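[1] Turn this into a model:
(chains A and B)
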Amino acid sequence: MGNIIALHSYKGGTGKTLLSINLAATYAKRNRNICLLDLDFRAPSLHAAFKAEGNGYWLNDYLNGTCDIKKVLVELNPLHKESGRLFVGLANPTTEAIREMSARDRKWEMRALGRLLSLKTSLFNEMHLDHIVFDTSPGLQYSSINAIVSADVVLVISSLDASDINGTQRMTQELYDLFEKKTGIIINKVPAGTLSTISKKEELLEKLRSVHNLPIIDAIPCFCDILEAGGTYIFAEEKPEHTFTKILNQIATKIEKF
Amino acid sequence: MELGVVRLNRPYILLSSVDTLYNWRKLMTAYRRPQKSPIPVLERIRESLDRLNEKMDVVIEIQRHGQRNSQSIPDVLDVMTLLSLPDHLRKTAVTLCKVGQATADEIAKQTKRARAVESGYLNQLVLMGYVKKERRGRKAYFYVEKES
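    Numbering: from 1, shown residues only, chains lettered A, B, ... in the order given. Below is the predicted model of the structure:
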């Protein structure tokens, strides 16, 4: 059976969605069957990234118990013939849906957890998937903790910002450790100068390892062209020679060996 | 008249001093007859001990938290509750959430802890109002919520 990888962070804007999309695309290029789910119900993004309208059903409906997960999933056309299948499950981006999701009670959240947990059996067994990638909302919210409890591997995306490092430390002790999750940290948006030489990069990774007491999977520099692209295309698919794509490839390999 | 009381997983048998020895021998002979297999007997003993353990857990929990209020509204086993549980109960509760419903034996196989330990933890969660318990025949099933 495959595994569920949840991308989470303490703060918003660390690059969870960008990394989720590119990680899913990287695996698909390796002929893996992937399902990418947008579990950030407060700020849905995947519909815009994939320019997908959805098929009338959203992940909100699945968690509500009003439809089957297969009705929610949209299969994307692969860019390469040898690619695996890539499915996405979108969160409803309308203001009304966002408002509804933030007003759910504890009993609803408990049922939503049950439905997320049951995804593992239904998707891996029936759709022959290799990985499910959860793009979660930041911080300690019901939707993100539900996703973490349901995941096999948690990737924490952090910047070098002091408050982000501090928040990630606390979440490690008070969240990931408590649920006994395999957790790794990816440092994103690192100033290019900090990673200019191998020794400088190693020094930074060693320092962060001692701070977090967790594996540091990699450090990704801040790329101006990613910012300039504004999420209009998927780097891992359209820029195979880009350094970002190459780093993502290394990360994808490390996660599978995690 | 002296009375002896012997309990052998049957209704109490009263033995008078006159025929005590005779009856006792007769009784022991009956119980010494070769059984088809000792496993069913051991199973029954284990089940009885389990039930005793469960009752002990209830007594301990009542002593800890005072008289149980049967009118209280059961609490919800959501992720915030899971975070607030002690580590040993959290592991049991998360496993139960994953499988939906299970016996203590099934939970123990996943947590790799002893069945009697899991039985104790599950019964604690029942007492706390987070988990429900239902007996079906000789087995006790635990669940968070029945799917409608």
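
[2] Return the longest helix in chain A, judged by number of residues.
    Ranked by residue count, the top helix of chain A under DSSP state H comes out as helix A:106-127.

[3] Briefly note if that one comes near chain B.
    Yes - applying CB under 8 Å from any CB of the partner chain, one finds helix A:106-127 touching chain B at A:106, A:107, A:109, A:110, A:111, A:113, A:114, A:117, A:118. C-beta here means a position set from N, CA and C on the backbone, and glycine is covered the same way.

[4] Residue A:155 in helix, strand or coil?
    Taking DSSP: H, G, I helix; E, B strand; the rest coil as the rule, one finds residue A:155 in the strand state.

[5] is it true that residue B:50 touches residue B:119?
    Yes - using CB atoms under 8 Å, residue B:50 makes contact with residue B:119 at a distance of 5.9 Å.

[6] which residues are common contacts for the two?
    residue B:104 (CB atoms under 8 Å, 6 or more residues apart in numbering or on different chains).

[7] more neighbours, these two?
    Set residue B:50 next to residue B:119 and count neighbours by other CB atoms under 10 Å in any protein chain shown: residue B:119 wins out with 23 against 17.

[8] which residue packs closest to the more buried one, ignoring adjacent ones?
    With sequence-adjacent residues excluded and distances taken as CB to CB, 6 or more residues apart in numbering or on different chains, residue B:119 is closest to residue B:104, at 3.8 Å.

[9] Could you give the number of residues near the one you found?
    Neighbour tally, residue B:104, other CB under 10 Å: 25.

[10] How about residue A:102?
    12.

[11] correct me, but it touches residue A:42?
    Yes - using CB under 8 Å, residue A:102 is in contact with residue A:42, at 6.3 Å.

[12] near chain A, which residues of chain B show up?
    So chain B meets chain A at B:76-80, B:82-83, B:87, B:90-91, B:94, B:97-98, B:100, B:144-145, B:147 (CB under 8 Å from any CB).

[13] Filter those residues down to just the buried residues.
    Among the residues of chain B next to chain A, those buried by neighbour count (16 or more other CB atoms under 10 Å in any protein chain shown) are B:76, B:77, B:78, B:79, B:82, B:90, B:91, B:94, B:97, B:98, B:144, B:145.

[14] The residue nearest to residue A:182 when sequence neighbours are not counted: neighbour count?
    Nearest residue to residue A:182, sequence neighbours excluded (CB to CB, 6+ apart): residue A:153, at 4.9 Å. Each residue near residue A:153 was counted by other CB under 10 Å, and the total is 18.

[15] Need the pLDDT of residue A:153.
    pLDDT recorded at residue A:153 is 97.

[16] any idea which helix or strand comes after the longest helix along chain B?
    Criterion DSSP H: the longest helix present in chain B is helix B:38-65. Going down the chain from helix B:38-65, the next helix or strand is helix B:79-84, by DSSP states H and E.

[17] just checking, what packs against that next one?
    helix A:106-127, helix A:142-150, helix B:87-99 (3 or more CB pairs under 8 Å, 6 or more residues apart in numbering or on different chains; DSSP states H and E).

[18] Also compute the angle for the second one relative to helix B:87-99, please.
    It stands for helix A:142-150. Angle of helix A:142-150 versus helix B:87-99, following axes from the mean of the first three to the mean of the last three CA atoms, to 10 degrees, is 90 degrees.

[19] tilt between helix A:142-150 and helix A:106-127?
    Angle, helix A:142-150 to helix A:106-127, by the same axes, to 10 degrees: 50 degrees.

[20] which residues sit against helix A:142-150?
    Helix A:142-150 is contacted from outside by A:4, A:6, A:8, A:39-42, A:101, A:104, A:109, A:112-113, A:116-117, A:119-120, A:134, A:136-138, A:154, A:175-176, A:179, A:181, B:78-80, B:82-83, B:94, B:97, using CB under 8 Å, 6+ apart.
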